[in-house]
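My questions concern the predicted model and sequence given below.
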Amino acid sequence: MAEEKKMNEETVEETPTPEEELVPEETAEEAAPETNPWEDKYNAEHDARLRIAAEYDNFRKRTVKEKDAAYGNGKADTVAKFLPIYDNLERALKQPTEDAAFKKGVEMTMTELVKILTGLGVEIFGEPGDSFDPSLHNAVMHTEDESLGENVIAQVFQKGFKIGEKVVRFAMVQVAN
């Protein structure tokens, strides 16, 4: 009888109960988390909407930058069209004349043009004695003059103009040493 009892215990241990058959062999930590298809769809839609909002924000910022750049470029192009007038008035002022009224009229016109350009934010540069800067000046001639220092502008052929950091026209200069 002891042998039968021992055999019954062995058979009981070897055959799994119905509850044990239903439990998977994986532990709870290893089991894949159950995903809700509605939650997955919500997350995908939410992500798509966030991406669209970010794209719109980037588009808005890019459009503002392009608009500002277009305004700046248009202003620079307009100023560039007026520069020959400035050059002609400057040449007229350098010419000797007996007519004082004519000279006064040219001076008034030049003064008004400079006032308008300054009002638009245009900076006029390129004076004899200034230091040569290749990002602002175009050296068309070179001279050896011991009275002037190294890389100093000796003569200005055309004034330079810039709006902010944008150079509209480089100054044409003669550089010493």
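Received the coordinates, thanks.

ok, how many other residues are close to residue 162?
Using other C-beta atoms under 10 Å, residue 162 is surrounded by 20 other residues. Glycine gets a C-beta too; all of them are placed from N, C-alpha and C.

In a strand, it, correct?
Yes. Residue 162 sits within a strand when classified using DSSP: H, G, I helix; E, B strand; the rest coil.

That one contacts residue 121, correct?
No. Counting by C-beta atoms under 8 Å, residue 162 does not reach residue 121; the two are 9.4 Å apart.

Residue 155 and residue 171 touch, don't they?
No. With contacts counted by C-beta under 8 Å, residue 155 stays clear of residue 171, the gap being 10.8 Å.

Between the two, which has more neighbouring residues?
Regarding residue 155 and residue 171, a neighbour count based on other C-beta under 10 Å identifies residue 171 as having more, with 24 against 13.

phi, psi of the more buried one?
Geometry field for residue 171 lists phi and psi as phi -80, psi 130, criterion degrees, to the nearest 10.

Ok, residue 166 next?
Per degrees, to the nearest 10, the residue geometry at residue 166, taken as phi and psi, is phi -90, psi 120.

if I look at it, how far off is residue 62?
Relative to residue 62, residue 166 is positioned 20 Å away (C-beta to C-beta, to the nearest Å).

Work out for me the element the spatially most central residue of the chain sits within.
The centroid of the chain falls nearest to residue 65 when counting by C-alpha atoms, centre = their mean (7.9 Å). Secondary-structure element containing residue 65, defined by DSSP states H and E: helix 37-94.

helix or strand right after that helix?
With elements assigned by DSSP H and E, the helix or strand that comes after helix 37-94 is helix 100-119.

what does the model give residue 25 for pLDDT?
Among the per-residue scores, residue 25 shows a pLDDT of 54.

Give me the distance between the helix or strand encompassing residue 123 and the centre of its chain.
Under the assignment given by DSSP H and E, the secondary-structure element containing residue 123 is strand 122-125. Averaged C-alpha coordinates place strand 122-125 at 23 Å from its chain's average position (C-alpha atoms, centre = their mean, to the nearest Å).

Residue 75 contacts residue 162, correct?
No. Applying C-beta under 8 Å, one finds residue 75 not in contact with residue 162, separated by 11.7 Å.

what's the overlap in contacts for these two?
Residues touching both residue 75 and residue 162 by C-beta atoms under 8 Å, 6 or more residues apart in numbering: none at all.

residues contacting residue 59?
Contact analysis of residue 59 by C-beta under 8 Å, 6+ apart lists nothing.

could you give the angle of the helix holding residue 65 to helix 100-119?
With axes from the mean of the first three to the mean of the last three C-alpha atoms, to 10 degrees applied, the angle from helix 37-94 to helix 100-119 works out at 160 degrees.
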